[in-house]
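Trainee: using only what follows, build the 3D model:
(one chain, ligands or ions: 1)
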Amino acid sequence: MIEIIVKKRNSDIEEIARAVKLSLCDFGDVKKFILSNHELLDDKTHFIVDDIDTLKELFNSGRGLVYGIKIGEKLIAVQAMDYNREDYLKFKKVFSWLGKKDEVMEIGWAMVTPEYQGNKLTHILMGMLERDAHEETGSRFVATTAHPHNISSLFVYLKNGYLGYKIKEHYDNIRMFLLKDIRRSITLEISETSWCDCMDIDSCRKKLDEELICCNVEKIGEQIRLVFTSKE
Ligand SMILES: CC(C)(COP(=O)(O)OP(=O)(O)OC[C@H]1O[C@@H](n2cnc3c(N)ncnc32)[C@H](O)[C@@H]1OP(=O)(O)O)[C@@H](O)C(=O)NCCC(=O)NCCS
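Mentor: Below is the predicted model:
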């Protein structure tokens, strides 16, 4: 359990929150939390909840981990790591250079209630999940997907060492596929970079199809730029 000082958006009042491992008896609260926050999203295609009941499996030992941040008993953030072996194939196709023995975990279900966004809560949960999942499974690769217009999600993953390798159809929608090697240092040796406006999905997809990787996201004025570099 980790204690964190958080502030509500537009407030200076500090509150103490706790980052905790959640168990199966929390599933009802987690589902309610995700569905109610999903209702508030401007673009609901950024976060698919049709398969919310599959999250239940991740509370079982050996299948995954679900962590949350609570103030008192109230959830304000959730994120999960999935070790489901059957899903590996989906990622193996995208990250085709991974060796046969490299297992890929999937991090997802990141949700922070809007009034507590901006406290770096996903960064904290992600660090805990990566560390504990690596300890439990020995796997070093963590994949995730994000809609190329989901700016908070792109910031969270790209600033935490995830690299974007492909933009593809997924969940009947479009997603960037990102991967992190948690045993490697975050810093890439970047020789040459180029960028695309994240709103221009076709150009971003083309860069990735040309074997560049997305290594950063920047805000320049009102524009959100995805930064690309050649592969290591
Ligand atoms: C994604 C999500 C979990 C992140 O929540 P969070 O941990 O509170 O992260 P923040 O809201 O602080 O945003 C992360 C970063 O994006 C940046 N960001 C977000 N929107 C931005 C914008 N329009 N312009 C510039 N930067 C932006 C923030 O400044 C922050 O950067 P920092 O950590 O360097 O300060 C939260 O936005 C959320 O619940 N979204 C809805 C559900 C969702 O889409 N989940 C992800 C599915 S892949």
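
Trainee: which residue, neighbours along the chain excluded, lies closest to Asp53?
Mentor: Excluding its sequence neighbours, the residue lying closest to Asp53 (C-beta to C-beta, 6 or more residues apart in numbering) is Lys31, at 7.8 Å. The C-beta positions use only the backbone N, C-alpha and C, and glycine is treated the same way.

Trainee: remind me which helix or strand the one you found belongs to.
Mentor: helix 27-39 (DSSP states H and E).

Trainee: how about that helix: buried residues?
Mentor: Within helix 27-39, the residues scored as buried using 16 or more other C-beta atoms under 10 Å are 27, 29-31, 33-34, 37.

Trainee: ok, so of those, who is nearest the ligand?
Mentor: Nearest to the ligand among the buried residues of helix 27-39, counting by C-beta to the nearest ligand atom, is Asn37 at 6.5 Å.

Trainee: show me what the helix-or-strand element of the chain with minimal mean pLDDT packs onto, helices and strands only.
Mentor: Within the chain, no helix or strand scores below helix 88-94, which has a mean of 79 by mean pLDDT, DSSP states H and E. When contacts are defined as 3 or more C-beta pairs under 8 Å, 6 or more residues apart in numbering; DSSP states H and E, helix 88-94 packs onto strand 104-112, strand 163-170, strand 173-181.

Trainee: rerun that using 7 Å as the cut-off
Mentor: The contact analysis (3 or more C-beta pairs under 7 Å, 6 or more residues apart in numbering; DSSP states H and E) places helix 88-94 against strand 104-112, strand 163-170.
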